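Participant: missing the sequence, but the structure's below:
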């Protein structure tokens, strides 16, 4: 298994761990209410876990064809034009994804430098939950660049293979 595949797999495993954490926090709130115990900031922590699960799963979901793609135009054009449009879309996503990853990293660094904390009962340093967003954005950017290189070289994108909608005429 290639090293990038391991990173994408690690991202999806961490996303699953955060999903289990969301379930555990929600269950603790439900049981806590039944027995009269307040679980401080469980809702905030579950929100942080949801963001972590979402961003850490981006790269794996992209590569496996799990993102919604609108192929209405692509299925009605020639193979050559489809290849050009695919390259353009991936190049555009590389730029936008790169900007998002850079600003996510800057957000983490700024939150750390300014000592930003959450406003709940339990002050959580905001850079801690923001790390998962930045890491997920960087992993997603790497996956997009990898697919762009594959498509430029004339190879089939992995998300197409997973979708079953390969370059057909």
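Facilitator: Great, that's in hand. Note that this is a predicted model, so its numbers are computed, not measured.

Participant: Low-confidence ranges, the protein, go.
Facilitator: 1, 70, 161-169 (pLDDT under 70).

Participant: buried sites along the top helix by length along it?
Facilitator: Counting by DSSP state H, the longest helix found in the chain is helix 79-114. Using 16 or more other Cβ atoms under 10 Å as the test for burial, helix 79-114 gives 82-83, 86, 90, 93-94, 97, 100-101, 104-105, 107-108, 111. C-beta here means a position set from N, CA and C on the backbone, and glycine is covered the same way.

Participant: Counting by contacts, list what it packs against.
Facilitator: helix 127-152 (3 or more Cβ pairs under 8 Å, 6 or more residues apart in numbering; DSSP states H and E).

Participant: Next, the buried residues of the helix it packs on.
Facilitator: Result for helix 127-152 [16+ other Cβ under 10 Å]: buried residues 127, 129-148, 151.

Participant: just stretch 21-32 next, same as before
Facilitator: Buried residues in stretch 21-32, counted by 16+ other Cβ under 10 Å: 21, 22, 25, 29.

Participant: Give me the distance from that stretch to the chain's centre.
Facilitator: Put simply, stretch 21-32 sits 24 Å off its chain's centre (Cα atoms, centre = their mean, to the nearest Å).

Participant: Just the residues contacting that stretch, thanks.
Facilitator: Contact with stretch 21-32 is made by 38, 39, 42, 43, 45, 46, 49, 50, 53, as judged by Cβ atoms under 8 Å, 6 or more residues apart in numbering.

Participant: same thing with stretch 53-67?
Facilitator: Residues outside stretch 53-67 that contact it (Cβ under 8 Å, 6+ apart): 7-9, 11-12, 14-16, 18-19, 22, 132-133, 135-137, 139-140, 142-144, 147, 158-163.

Participant: Which secondary structure state is assigned to residue 9?
Facilitator: Secondary structure state of residue 9, per DSSP: H, G, I helix; E, B strand; the rest coil, is helix.

Participant: if I look at it, how far off is residue 145?
Facilitator: Distance from residue 9 to residue 145, counting by Cβ to Cβ, to the nearest Å: 18 Å.
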